[in-house]
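Asks: Pasting the sequence and the predicted model now:
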Amino acid sequence: MQTKDVKSEHKEQARPQPTLPAAESPSGIDRARLALAISAGKLASASGRLLRIGGGTSLPGMIARRIDPNVLKSVVGASKARKIVITGSNGKTTTARMTAAIADANRFRVSQNRTGSNLLQGVTSVAVNAASIFGNLDCDVLLFEIDEGTIPHAVPEIQPDVVVITNIFRDQLDRYGELYSVAKALDKMLESLPETATIVLNGNDPQVANFGQNARARRVYFGLETMEVGTPVPEQSADIIRCIHCNHDLEYKVAYLSHLGLYSCPNCGYTLPKLDFAATSVQLASDGEGPTHTTIRTPQGDIELTIPLPGLHNVYNAAAAIAASMAADFDITKSDAALSHIRPAFGRLEKIQAGDKTIYLSFVKNPTSFNLIMRLIAQHQGKKHLLLAMSNTVVDGEDFAWLWDADIEEIVPDILDAICCGNKAEELAMRLKYAEVSTDKIKMIHDREAALDAALRNVEPGGTLYILSGYTPTQELRKIMQKRGWVKHYWEE
């Protein structure tokens, strides 16, 4: 697999902006509709914040699109800002935050959906909130984290300069369909990009690395290239274990996370591409809390990073952010300083002080994220008090079968007690029983606030509660904590 020469292309100081299709000058009616849409969206945003019922992360876009369905395309299309979109199953929010930090270190003004509202209305809200009522954006970088099911619809409106795909894992099968249908839609989307765009792909992901074969845009690859971490074979819940070309079992020199690793097919010869941005050295903290030290090889030389976040997944996030930053013509030599103060996004092993007790709040949504968080908290000292909160709403994903592929058995010896809540409390409790957690350690409390209070009562003074929860329960639990003064509103983080 060949890639275009990244190093030579970056000798130029700036990349030409993509040429948008010629369009007729907007009529007076179109301009009035755009102004009305933006004004209504801004009013919704201001009202939500004033009434303390929302941060203007989704509703402004929803209202604006009702009035003018072309509002996002009109605002973003008229902007000269660099446009970066980040998608994938896991890591979107943190990768976006890291990319924004590097842009900020370069003194670029950034507009982004920082709170993780990544459906089309959330992306539109960024444009509505940042634009003047006439649709003018006063920023240098537009940075969007976009849901992998939404991005095929969003890209034609945004016309991005850089598209990052972090990984593809099994996720919300009822909404996305099986893994390969998601991959097919993403690959087709990449083919629509102009040759002036850059596609940033995870080379350690056998599916993602094969994207863009027929795309006109330049492709660059990031990932890990070290034997210091990882396992000899992928974990049991890995989503891709066979070659995507001939269906023969893949062989791994090392597996890093799920099916991500140094792979090759002994039958047809398919293997990972040469990585343009590679973590060649990784030192993980033994306590599961960080910092993480890594060396990233880039076309401009090695970059030494100290990331104040734990886990191998954050090495991936940093490598992706540096690759996206270089593709957008940022000075990546500022990356270490930019990332040295990065904080966890809300709900990403977020440390919260609740009086004399500590809470770690973790958003988990598939086997990979669940296993990752369990292994990190297992490194923390002592036995663990758990609160598990899951729902199978349309927003969360109605298919909850993935829970049975999470390796809960690994942390059973560390569990002191576990409270299960949400509308899937019974299935959570059953999964714990099948993992041979003693029934006297398991309790079901459906109400979120009552479950939180009960879980905290189990925790000794100075102790720690670990919460693993789905999307809706994470939002609801954090809202309870905000009312109690333990955290800020998520849009203020």
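Replies: Right, received. Where do you want to start?
Asks: Tell me where the stretch 101-250 of the chain is predicted with low confidence.
Replies: Applying pLDDT under 70 to the stretch 101-250 of the chain flags residues 115-116, 172-178.
Asks: center of this structure - which residue?
Replies: Centroid-nearest residue in the chain: residue 92, 2.0 Å away (criterion: C-alpha atoms, centre = their mean).
Asks: I'd like the distance between that residue and residue 124.
Replies: Using C-beta to C-beta, to the nearest Å, residue 92 is found at 17 Å from residue 124. Every residue, glycine included, has its C-beta placed from N, CA and C.
Asks: thinking again about what came up before, how close does the residue nearest to the centre of the chain get to residue 138?
Replies: 25 Å.
Asks: what's the answer for residue 486, then?
Replies: Applying C-beta to C-beta to residue 486 and residue 138 gives a distance of 35 Å.
Asks: the more surrounded of the two?
Replies: Using other C-beta atoms under 10 Å, the more surrounded residue of residue 486 and residue 138 is residue 486, with 14 against 11.
Asks: and the more buried one, helix, strand or coil?
Replies: Assigned by DSSP: H, G, I helix; E, B strand; the rest coil, the conformation of residue 486 is coil.
Asks: surely it meets residue 350?
Replies: No. Contact status for residue 486 versus residue 350: not in contact, 10.7 Å apart, counting by C-beta atoms under 8 Å.
Asks: ok, residues contacting the strand or helix carrying residue 75?
Replies: In the assignment (DSSP states H and E), residue 75 maps to helix 71-77. Residues outside helix 71-77 that contact it (C-beta atoms under 8 Å, 6 or more residues apart in numbering): 20, 23, 26, 34, 37-38, 41, 61, 64-65, 68, 83, 120, 123-124, 127-128, 131, 135, 137, 142, 154, 156-159.
Asks: Just the buried subset of those, please.
Replies: For the contacts of helix 71-77, a neighbour count by 16 or more other C-beta atoms under 10 Å gives the buried set as 34, 37-38, 41, 61, 64-65, 68, 83, 120, 123-124, 127-128, 131, 135, 137, 142, 154, 157-159.
Asks: Among those residues, name the ones in strands.
Replies: 83, 142 (DSSP state E).
Asks: need the contact list for residue 424.
Replies: 390-392, 400, 403.
Asks: Can I get the residues you listed in JSON lines including distance to residue 345 and pLDDT?
Replies: Below are the contacts of residue 424 laid out as JSON lines (distance: C-beta to C-beta, whole Å; pLDDT from 0 to 100):
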{"residue": "390", "distance to residue 345": "20", "pLDDT": "94"}
{"residue": "391", "distance to residue 345": "20", "pLDDT": "89"}
{"residue": "392", "distance to residue 345": "23", "pLDDT": "83"}
{"residue": "400", "distance to residue 345": "24", "pLDDT": "84"}
{"residue": "403", "distance to residue 345": "23", "pLDDT": "91"}
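Asks: which two from those residues end up farthest apart in space?
Replies: 391 and 403 (12.0 Å; C-beta to C-beta).
Asks: of those two, who's got more company?
Replies: Ranked by neighbour count (other C-beta under 10 Å), residue 391 and residue 403 place residue 391 first, with 23 against 20.
Asks: that's a strand at that one, yeah?
Replies: No. Assignment of residue 391 by three-state DSSP gives coil, placing it outside any strand.
Asks: How about the contacts made by it?
Replies: Counting by C-beta under 8 Å, 6+ apart, residue 391 makes contact with 422-424, 470-473.
Asks: out of everything not next to it in sequence, what's closest to residue 62?
Replies: residue 121 (4.2 Å; C-beta to C-beta, 6 or more residues apart in numbering).
Asks: That neighbour reaches residue 44, doesn't it?
Replies: No. Using C-beta under 8 Å, residue 121 is not in contact with residue 44; the gap is 10.9 Å.
Asks: which residues are in contact with both of these two?
Replies: Contact criterion C-beta under 8 Å, 6+ apart; residues shared by residue 121 and residue 44: residue 59.
Asks: In which helix or strand does residue 361 reside?
Replies: Assigned by DSSP H and E, residue 361 belongs to strand 357-363.
Asks: How about residues contacting that strand?
Replies: By C-beta under 8 Å, 6+ apart, strand 357-363 touches 346-353, 369, 373, 377, 456, 459, 461-471, 474, 477-478, 481, 486.
Asks: Equivalent analysis for stretch 322-330, please.
Replies: Contact with stretch 322-330 is made by 6, 10, 13-15, 82, 84, 86, 95, 99, 102-103, 106, 108, 141, 161-162, 164, 198, 200, 220, 222, 276-277, 296, 298-300, 303, 332, 335, as judged by C-beta under 8 Å, 6+ apart.
Asks: List only buried entries from those.
Replies: For these, a burial check counting by 16+ other C-beta under 10 Å picks out 6, 10, 15, 82, 84, 86, 95, 99, 102-103, 106, 108, 141, 161-162, 164, 198, 200, 220, 222, 276-277, 296, 298-299, 303, 332, 335.
Asks: No further questions, thank you.
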